[in-house]
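Asker: mind looking at a prediction? Sequence and model below.
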Amino acid sequence: MGCNVYTVPGHLLCVKDGAKVATAATAAVLVALLVCFAVYGGDDEQRECEATVIQVDSLAGFILDVTNKDMERIGADFGYDVYIDSGDERFVAIYAKDFNGIPVGSLFLNYDTYRDRMTIAIYDGVIQDEADVSEGDKLKISVKGINKYYPDIPHYIAGYTDERSDYDSDQEYGNYRMVDAGDVDDDSLYRSASPWLAPGGRNVYCDDFIRDIEADVIFSLDRSDDEVAEMAKEQPDLHASSMVRDGKVYGFDLSPAIFSHPEDIRVVLEKYMEVDGKLVLSCAFGKDRTGIYCTIFEALAGASYEEIRQEFMISICNYYFIEEGSKEYDTVASIYVDHVLYIFAHPEIISHFLEVDWENLDYQPFDAEEAYTDYLIGEVGLSQESVDALKAKIKGEESAVGIMMTSEELVPA
């Protein structure tokens with residue numbers, strides 16, 4: 001397999017033939033309420049951008065009027081840490097492109113190349129709950145320096161590609177597979193990228209997979225029922241669309257800040273107890289929302305910390321061409337999967353991610369089944385009986401037959 005070399009500030013990046021790597025997105029300069037200026041002090045020059053919060057979005061966070069070109073002017077590149085000053089408060093955020101290379105629980109400034117917009121948010125958190133910032137507020141952005149993880153995660157920073165030819169197999173491209181960590185019942189639970197999004201590309205492979213395994217139910221974790229119905233209407237020939245028409249697809253439109261919305265977790269698990277047959281968990285790429293929900297099922301099935309960690313990383317490797325056993329693999333697992341698992345075991349930190357010293361936490365493996373059971377009882381509000389019923393169904397035990405979970409207690413179906 002060949003190797004193409006791309007320059008990334010500070011080092012070279014080598015990827016397999018055909019893989020697309022973008023180190024800087026190009027965007028039209030918008031007419032915005034932006035002033036870029038230089039502040040001089042001694043022999044050092046610190047360039048800053050003043051940005052206005054133009055919208056507070058429940059999902060995206062704070063939408064700003066700055067552009068990628070403005071960030072380039074102050075010397076910021078993807079993978080750099082930047083200071084964000086709001087009044088007397090100063091935050092440090094990683095500057096990312098299309099949500100790539102961001103540690104879970106961390107503040108980030110993201111340039112979305114698809115929507116051509118800049119946002120500030122907390123990865124898997126709710127920034128509105130932690131930062132006293134409102135629409136119309138002025139922020140100052142300046143460069144702190146290269147993020148400490150940046151040299152070790154070049155592929156994760158660079159992002160994925162949508163071209164099938166860049167992947168070794170259809171399965172890697174569609175990021176689909178059976179969930180089998182721990183004692184998950186064989187041939188009962190699967191995961192996949194969306195069978196509708198990116199029409200004509202990745203979705204076709206996912207749709208073929210769902211047809212081939214003869215799936216009975218799809219949970220679309222990032223789209224509502226109405227959105228799913230509309231996608232099925234636009235792509236009526238897909239097998240997944242026929243499942244929509246047959247009432248076998250459930251849309252949830254879950255917030256990406258999963259930990260901050262335990263009520264969403266409850267809704268998904270209640271629906272799981274109601275459906276029968278092979279279930280496919282799906283979201284846009286089948287790696288974030290789908291990945292976190294898979295950890296719940298795996299932990300309840302008795303999977304070990306390491307099993308869950310390895311299974312989660314398969315999706316990361318699929319998308320970002322990261323080799324298992326490499327330094328990049330270990331680094332990404334430590335800033336993504338270990339953070340996810342730590343949060344489930346320590347839910348007391350959920351409301352204040354920005355105060356957490358993520359680099360100095362003790363990420364020792366723990367009993368995942370015990371930790372997730374405690375989380376579902378203490379944070380989601382399930383009873384021990386409900387959790388026991390979930391475990392039985394996930395494992396395919398006969399004791400789960402005829403039992404469903406309600407908002408209050410377990411009752412005969």
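Answerer: Perfect, thanks for sending it.

Asker: now what about the longest helix anywhere in the chain, what contacts it?
Answerer: In the chain, with assignment by DSSP state H, the single longest helix is helix 305-320. By Cβ atoms under 8 Å, 6 or more residues apart in numbering, the surrounding residues in contact with helix 305-320 are 100, 155-156, 158-160, 167, 172-173, 175, 177, 179, 181-182, 285-287, 290-291, 294-295, 298-299, 303, 322-324, 329, 332-333, 336-338, 340-341, 365-368. From N, CA and C alone the C-beta is placed, and that goes for glycine too.

Asker: now the buried members of those residues.
Answerer: Among the contacts of helix 305-320, the ones that count as buried by 16 or more other Cβ atoms under 10 Å are 100, 155-156, 158-160, 167, 172-173, 175, 177, 179, 181-182, 285-287, 290-291, 294-295, 298-299, 303, 322, 329, 332-333, 336-338, 340-341, 368.

Asker: before we move on, the earlier item: can I get the longest helix of the chain as CSV, trimmed to CA atoms?
Answerer: The C-alpha trace of helix 305-320 is given here as CSV (Å, rounded to 0.1, in the frame of the first residue of the first chain):
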residue,chain,number,x,y,z
TYR,A,305,-13.3,-2.1,30.7
GLU,A,306,-10.7,-3.2,28.1
GLU,A,307,-13.2,-4.9,25.9
ILE,A,308,-15.4,-1.8,25.8
ARG,A,309,-12.4,0.4,25.1
GLN,A,310,-11.2,-1.8,22.2
GLU,A,311,-14.6,-2.1,20.7
PHE,A,312,-15.1,1.7,20.8
MET,A,313,-11.8,2.2,19.1
ILE,A,314,-12.7,0.1,16.1
SER,A,315,-14.9,2.9,14.9
ILE,A,316,-12.2,5.5,15.5
CYS,A,317,-9.7,3.4,13.5
ASN,A,318,-12.2,2.8,10.7
TYR,A,319,-12.7,6.5,10.1
TYR,A,320,-9.3,7.9,10.8
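
Asker: buried set for that helix?
Answerer: 305, 307-309, 311-320.

Asker: got it, and stretch 111-124?
Answerer: Neighbour-count burial for stretch 111-124 [16+ other Cβ under 10 Å]: 111-112, 117-124.

Asker: any chance you could map the helices in the stretch 101-250 of the chain?
Answerer: Counting by DSSP state H, counting those that start in this stretch, one finds helices in the stretch 101-250 of the chain at the ranges 154-158, 170-174, 202-212, 225-234, 239-245.

Asker: and the residue nearest to Ile292 when sequence neighbours are not counted, how close does it get to Ile343?
Answerer: Computed as Cβ to Cβ, 6 or more residues apart in numbering, the closest residue to Ile292 that is not its neighbour in sequence is Ile258, at 5.2 Å. Here Ile258 is placed at a distance of 9 Å from Ile343 (Cβ to Cβ, to the nearest Å).

Asker: what does stretch 330-342 rub up against?
Answerer: Looking at what lies outside stretch 330-342 - Cβ under 8 Å, 6+ apart - the contacts are 103-106, 124, 149, 152-153, 156, 291-292, 295, 305, 308-309, 312-313, 316, 320, 322, 358, 361, 363, 366, 368, 371.

Asker: ok, now how distant is Phe321 from Pro151?
Answerer: Distance, Phe321 to Pro151, by Cβ to Cβ: 17 Å.

Asker: of the two, who's got more company?
Answerer: Applying other Cβ atoms under 10 Å to Phe321 and Pro151 shows that Phe321 carries more neighbours, namely 22 against 17.

Asker: now stretch 255-263: buried residues?
Answerer: For stretch 255-263, using 16+ other Cβ under 10 Å, the buried residues are 255-260, 262.

Asker: now for the residues you listed: which two are most distant?
Answerer: Using Cβ to Cβ, the two most remote members of those are Pro256 and Pro262, lying 14.5 Å apart.

Asker: with adjacent residues omitted, what lies nearest to Asp162?
Answerer: Gly201 (5.6 Å).

Asker: over to that neighbour: give its phi and psi.
Answerer: Reported as degrees, to the nearest 10, the phi and psi values for Gly201 are phi -120, psi -120.

Asker: could you report the pLDDT at Gly291?
Answerer: At Gly291, the pLDDT value in this model is 97.

Asker: element containing it, please.
Answerer: Using DSSP states H and E, Gly291 maps to helix 289-300.

Asker: gap between that helix and the chain center?
Answerer: For helix 289-300, the gap between its own C-alpha mean and the chain's C-alpha mean amounts to 12 Å (Cα atoms, centre = their mean, to the nearest Å).
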